[in-house]
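K.L.:
Sequence isn't available, so here's the structure alone:
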């Protein structure tokens, strides 16, 4: 198996784990579970997301599809930044539970956009 395929599969795996972990933490937030405050819930997502980012950077360098040069990569990064901002407000910075739920739903819409861009790779 080529290095590209190994990295691509690793990246997809880290992305799915990240998304499932976010959904789980969002559920815990809605249910007001103490599990959201555990050490594992605070550290493991950062470890996985670091691996996700590392694999993304490796894929960009390997395929030479750099942001700004390749539109869909740029769009994916912009959506990722929006997802991080919304996710932060959904899980900790939202002032009320209703506000955090709205940011959670917005995060889900944005992450769906990230996956759509990744699959379709629109050319502009």
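P.N.:
Arrived safely, thanks for sending. From a predicted model like this one, the values you see are computed outputs, not experimental measurements.
K.L.:
list the buried ones in stretch 84-98?
P.N.:
For stretch 84-98, the neighbour count (16 or more other Cβ atoms under 10 Å) marks 86, 87, 89, 90, 91, 94 as buried. All C-beta atoms are positioned from the backbone trio N, CA, C, and that covers glycine.
K.L.:
could these go into a markdown table alongside pLDDT?
P.N.:
Formatted as a markdown table, the buried residues of stretch 84-98 follow (pLDDT from 0 to 100):
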| residue | pLDDT |
| --- | --- |
| 86 | 97 |
| 87 | 96 |
| 89 | 97 |
| 90 | 97 |
| 91 | 95 |
| 94 | 94 |
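K.L.:
From these, which land in helices?
P.N.:
The members of the buried residues of stretch 84-98 that map onto helices under DSSP state H are 86, 87.
K.L.:
closest to residue 117 among the buried residues of stretch 84-98?
P.N.:
Compare each of the buried residues of stretch 84-98 with residue 117 using Cβ to Cβ and the shortest gap goes to residue 86, at 16.3 Å.
K.L.:
how much space between that closest one and residue 60?
P.N.:
According to Cβ to Cβ, to the nearest Å, residue 86 and residue 60 sit 23 Å apart.
K.L.:
and the gap between residue 24 and residue 66?
P.N.:
In this view, residue 24 and residue 66 are 33 Å apart by Cβ to Cβ.
K.L.:
Could you report the pLDDT at residue 124?
P.N.:
At residue 124, the model reports a pLDDT of 62.
K.L.:
can you give me the helices in the protein?
P.N.:
So, for the chain - with DSSP H - the helices run 3-31, 39-63, 71-88, 97-120.
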